[in-house]
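Participant: My questions concern the predicted model and sequence given below.
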4 protein chains.
Amino acid sequence: MANLKIGVVGCGRIGKLHINNLINSVPGVEVAAVADPMLDKSGAREWLAERGITTVSTDFMDVINNPEVEVVFVCSSTDTHCQVSMEAVKAGKHVFCEKPIDYDIDKIKALLALVEEKGVKFQVGFNRRFDHNHKAVADAVKDGTVGDPHIVIVSSRDPEPPPASYVAVSGGIFYDMMIHDFDMVRYVTGSEAVEISAVGSCLVNPNLQEESGIPDVDTAVVTMKMANGAIAVINNSRQAVYGYDQRVEVFGSKGMASDANDLRNTATVMTVDGAVSQKPLWFFLERYNQAFINQVLSFVDAIQNDKPTAVGAVDGLRPVLMAKAATESCQNGGAWVKVEA
Amino acid sequence: MANLKIGVVGCGRIGKLHINNLINSVPGVEVAAVADPMLDKSGAREWLAERGITTVSTDFMDVINNPEVEVVFVCSSTDTHCQVSMEAVKAGKHVFCEKPIDYDIDKIKALLALVEEKGVKFQVGFNRRFDHNHKAVADAVKDGTVGDPHIVIVSSRDPEPPPASYVAVSGGIFYDMMIHDFDMVRYVTGSEAVEISAVGSCLVNPNLQEESGIPDVDTAVVTMKMANGAIAVINNSRQAVYGYDQRVEVFGSKGMASDANDLRNTATVMTVDGAVSQKPLWFFLERYNQAFINQVLSFVDAIQNDKPTAVGAVDGLRPVLMAKAATESCQNGGAWVKVEA
Amino acid sequence: MANLKIGVVGCGRIGKLHINNLINSVPGVEVAAVADPMLDKSGAREWLAERGITTVSTDFMDVINNPEVEVVFVCSSTDTHCQVSMEAVKAGKHVFCEKPIDYDIDKIKALLALVEEKGVKFQVGFNRRFDHNHKAVADAVKDGTVGDPHIVIVSSRDPEPPPASYVAVSGGIFYDMMIHDFDMVRYVTGSEAVEISAVGSCLVNPNLQEESGIPDVDTAVVTMKMANGAIAVINNSRQAVYGYDQRVEVFGSKGMASDANDLRNTATVMTVDGAVSQKPLWFFLERYNQAFINQVLSFVDAIQNDKPTAVGAVDGLRPVLMAKAATESCQNGGAWVKVEA
Amino acid sequence: MANLKIGVVGCGRIGKLHINNLINSVPGVEVAAVADPMLDKSGAREWLAERGITTVSTDFMDVINNPEVEVVFVCSSTDTHCQVSMEAVKAGKHVFCEKPIDYDIDKIKALLALVEEKGVKFQVGFNRRFDHNHKAVADAVKDGTVGDPHIVIVSSRDPEPPPASYVAVSGGIFYDMMIHDFDMVRYVTGSEAVEISAVGSCLVNPNLQEESGIPDVDTAVVTMKMANGAIAVINNSRQAVYGYDQRVEVFGSKGMASDANDLRNTATVMTVDGAVSQKPLWFFLERYNQAFINQVLSFVDAIQNDKPTAVGAVDGLRPVLMAKAATESCQNGGAWVKVEA
């Protein structure tokens, strides 16, 4: 089978991550073209040349119009995800789009419709579904081992807060951080959130709202009534000083599946002062490194063997609807907000 | 020092538990008198005689008026806790009262005032504060190791549901079960709940409301805004098929303290099918056995050395106010309800 | 059924432990008589009187000849275990004898023969067989889950060394400490040691041999070729500064069963410095408290229901033979020594 | 800094592993030349071409004589390790040599002397020293946290036995498998074995000796008296059906450091049947994947910054001496054998 030719739009941190993975860890593909508006200012041109990638451009349409390119990876800035994806789908290319697709729900719906119409493969970058730990929890639900899900608890805490300037444009904690956890709840329950209540505070940085200029919080708890009757809780903090805390628990009629953090190592040192073991891995590039690879392997498999993608366009839409509801709820003291269908 | 003379009112399951502990595991005390209205019908008279306790009566006032008795343990039926306690305090006796004191907040407040006036020692039976695991979590908060508490998660699940007939008179899950967890949140945070939202469903027994005749639930999640800014979440289920699930986690500015269930044993058997380890201890008599003893040791110490009791009358009041708010919220779809001060 | 009448010979630390357990935790028995040569000097008479035990004597034959007494607990000093047991068996009493029966193998064999002849129940106090953790490991071997045992590792370390004066009369580490582990290896494998190599050093107390006057060691590793082909290793240290370390691992053709220490509590505190959890319970009275009770429950059951005892007289003999071989090996630089049959 | 030019001798399984790691995971190096006698028969030429490596030969001297090549990786068949290394060192190249260097002790000593004389960097492929878990244990010894080592236990078990034909030429379990554990004991104690006793049986494959034609075993326990007074025990099995079991424990005067296996994931599923968690990773390529990379990073760092290599030529010699002693002991029923100095 000939290699799948991949064009990458965006060569920043996440674009480089994907390019390295495509080269080193994904068999049967090659990176045929890359576009980035900052190609020369950022040093991306050299970085790409070192990897033998010379079909480069500052205009993403060059990637999309490149007849060799069969698949487009959308790794550009968040505000362009939807537009680039639309163009790629229009051109009949398969698309892997980093999350979130967009914050504008109508735009996402239009993209969904176009993907449907064009019959191309479309996958959103919810990489955590491909994490070894969370996947094992989800599998224990799917295969019936835990029975009907009753209570879901997702604990998701970053090791350190982003700058207020990032928050100012990110849409806030529910859009830039909890969006992954909204997807996780859908993933492990196989059900949709019907109604959401969100409460939060600025406990990490009391000046966050002032500094960011938006009514955001850095510590948040969200409760959800799921369509299947389960109750789901997500808790987020911008700062877990001990590291990246990523845990999922599903309690059901037949049992409970839960995971723990990956640790730096398994060593324990026991002295008169107690037993000391390791902290979690520090952050997402370290913790979800393999998950980033696994999601692309899955996407490539979907294309090569004409299967549905594991995380489709609708999976890009629902978490945004949940973030929207949570944001509204949080700004209203936790009032219950229905999630748009 | 002469033995402290203890009178016990109520010789059912919990009364017997305390009497056995007082005899076997609490030095410096003796059970001087016991009252139970069912003394003869229940076989309690013989049970007591086997333990050398022959000053017995069917009238609790005989215990209270017994001039030898210095301390009264109130282990009678829930609806008499407050009345018996009032009489005992009036008579100048120290009182250990099983939880809950009452569901009528005015009655509890009247008792509080009387305890204050009489200057006797009063302790409520929130035994979980004396559990080795939960105490270690609370200590890590108190000594500052975890910093300011930001997020608290209490998972508390029973191994099997009580009969609907029990629920019919218990006041429901927030009064008979989560009351312990409300106390736990206060204990580990050192702060009070300001506002509460409760959601729940009948997932264990879909016919619960019909069978019990009250609008109760068997699966519940409660979120609380605490006075110190922390957000606390409690989840309860009437049925964790794998056993009594009792875990507490406090996440704060400097770290996290959490505990795990006590297991039947520490053995792991690893085969081609994976590693199998044990389930949690089955239920509260097994799990909190030592905590029941520890709380009495602490109470006796408070009396003998004239210290404040570890769980005072106000600690009996606040969880009832929280249960009241949670019940109201749950019956209103999770609407936020302020906790009475 | 009438209560089983028990006579206890020896009212020191271990005698008191058994008496308390017989009173509080073993149904269907009563302590009918106690003998201790130091009855008055040690305060034992008062201690017994507080528990309602007034049939007391300084002469152990008074207990044995007491016609009420059906069972004798031998808790006297080690050098009298065998003699007291012999007299009790001669008198037709069932006997529970603390370990070791004796260091003189002929004496033990004579006792074995007498027990056989008289048809009484005899149990040796290898309480660790009744520990929840080790029992679970043994059960996983017995029920075939781990297949044929190939490698056994017993780690057994005390929290602090006994005084050299104790070692001087105890017979050394293989007799007073590892004797339990020799029994454990037999228990979990269901097989006998054929040949033993023991190496050791004085790493805890370099002056141990000088101070104790015997060629003993405080750190020892023993390797055993078992009759069933398995290889067993025991490691002992007189001083694990972090507490009482008691672990057993059986590796076999179908898997591995292993246990971990019981900890003070299950709490973990995670900060920037790592995750700190608890140390093991401190020493044997705390760690094996329930095992002491369980072994007596088992013994009483054997008497009441005429079953074989779980730890018979031969189980008292074999570990002594193993200790003898290990001592000889250790004093010969680890040379292999055959265990007498 | 210019890239370090690396020549690789041997392009079988382990050679390919190193080549992939050098390309993908080691910055500052490039693979300049590769030799393998089976270049064309094995498909290695194509495999290398796909990676852009075209300076290839069937004669390893072409790599050594290539003036561009600064470093030689010796990944050829075991019997050629020493010869290829000698030639490379003679030519003034730095050498990374897969373990074992040789089984002939004089040859290793000659190589040691030559390395010394030529002043090149030489590292042996004891990759486990670079494993995150074992390194953390070793670090806790080195930094004094566990105090003086008293007892060391290395459990090292393969998931499935190699064919008897492999054993026939490997030199047996002490040379081909336990060699890593001999190095581990040296690594974590910082001390040398003085005397060794080895016992073993054919419990996995009772016909092993017949099939392999050598007096080998598949289950082995080795005890070592270390120069620093510690006692070390290694246990090996050719078949742990649950996976690759790799654990190290160092018990010392101030505490204990131990590690656990890396598991497939951290998920636990708890049902009425108990709590099921994961098995260890399957085998060394999976388990020590990162350790293979780390050792090369360390080697490259030693060259680039002129530091001593972390695992020098003497570290290649000592484990072979230990394997020799263990083999002799095992064939003599566990008799103690002094390790040559």
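Facilitator: Done, it's in.

Participant: Next, give phi and psi for the residue of the stretch 1-150 of chain A found nearest chain B.
Facilitator: Using CB to the nearest CB, the single residue of the stretch 1-150 of chain A nearest to chain B is residue A:150, 4.8 Å away. Where C-beta positions appear, they are placed from N, C-alpha and C, glycine not excepted. Reported as degrees, to the nearest 10, the phi and psi values for residue A:150 are phi -110, psi -50.

Participant: Distance of it relative to residue A:255?
Facilitator: As for residue A:150, its distance to residue A:255 is 11 Å (criterion: CB to CB, to the nearest Å).

Participant: Which one of these two is surrounded by more residues?
Facilitator: Taking residue A:150 and residue A:255 together and counting by other CB atoms under 10 Å in any protein chain shown, residue A:150 has the greater number of neighbours (27 against 23).

Participant: Does residue A:95 touch residue A:74 like I think?
Facilitator: Yes. Taking CB atoms under 8 Å as the definition, residue A:95 is a contact partner of residue A:74 at 6.3 Å.

Participant: overlap in contacts of these two?
Facilitator: Listed contacts common to residue A:95 and residue A:74 are A:85, A:88; contacts here mean CB atoms under 8 Å, 6 or more residues apart in numbering or on different chains.

Participant: Mind checking which of the two has more residues around it?
Facilitator: More crowded of residue A:95 and residue A:74, by other CB under 10 Å: residue A:95, with 30 against 27.

Participant: that's a strand at the more buried one, yeah?
Facilitator: Yes. Following the definition DSSP: H, G, I helix; E, B strand; the rest coil, residue A:95 is counted among the residues of a strand.

Participant: Name whatever forms a beta bridge with it.
Facilitator: The partner list for residue A:95 in beta bridges (DSSP bridges) reads residue A:72, residue A:122.

Participant: Contact partners for residue A:142?
Facilitator: Going by CB under 8 Å, 6+ apart, residue A:142 touches residue A:190.

Participant: I'd like to know how far it sits from chain C.
Facilitator: If you measure residue A:142 against chain C using CB to the nearest CB, to the nearest Å, the figure is 27 Å.

Participant: Then residue A:125?
Facilitator: Distance from residue A:125 to chain C, counting by CB to the nearest CB: 29 Å.

Participant: Next, the contact list for that residue, please.
Facilitator: Neighbour list for residue A:125: A:96-99, A:295, A:311 [criterion: CB under 8 Å, 6+ apart].

Participant: Let me have those residues in TSV, extended by pLDDT and neighbour count.
Facilitator: Conversion of those to TSV gives the following (pLDDT from 0 to 100; neighbours: other CB atoms under 10 Å in any protein chain shown):
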residue	pLDDT	neighbour count
A:96	98	27
A:97	97	27
A:98	94	23
A:99	90	19
A:295	97	26
A:311	96	25
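
Participant: Quick check: buried residues in the helix ranked longest in chain A?
Facilitator: Using DSSP state H to define each element, chain A has its longest helix at helix A:313-330. Residues A:313, A:315-327, A:329-330 are the ones in helix A:313-330 that count as buried (16 or more other CB atoms under 10 Å in any protein chain shown).

Participant: With stretch A:107-119 instead?
Facilitator: A:107-108, A:111-112, A:114-115, A:118.

Participant: Alpha carbons of that stretch, in CSV - could you do that?
Facilitator: Taking only C-alpha atoms (Å, rounded to 0.1, in the frame of the first residue of the first chain), the coordinates of stretch A:107-119 have been written out as CSV:
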residue,chain,number,x,y,z
LYS,A,107,-20.1,27.0,12.3
ILE,A,108,-19.4,23.6,13.8
LYS,A,109,-22.8,22.4,12.6
ALA,A,110,-22.1,23.6,9.1
LEU,A,111,-18.8,21.7,9.1
LEU,A,112,-20.6,18.6,10.4
ALA,A,113,-23.1,18.8,7.5
LEU,A,114,-20.3,19.3,5.0
VAL,A,115,-18.3,16.3,6.3
GLU,A,116,-21.5,14.3,6.0
GLU,A,117,-22.1,15.5,2.4
LYS,A,118,-18.5,14.9,1.3
GLY,A,119,-18.1,11.5,2.9
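
Participant: any idea which of the contacts of residue A:125 is the one closest to residue C:272?
Facilitator: Using CB to CB, residue A:99 is the member of these that lies nearest residue C:272, at 30.0 Å.
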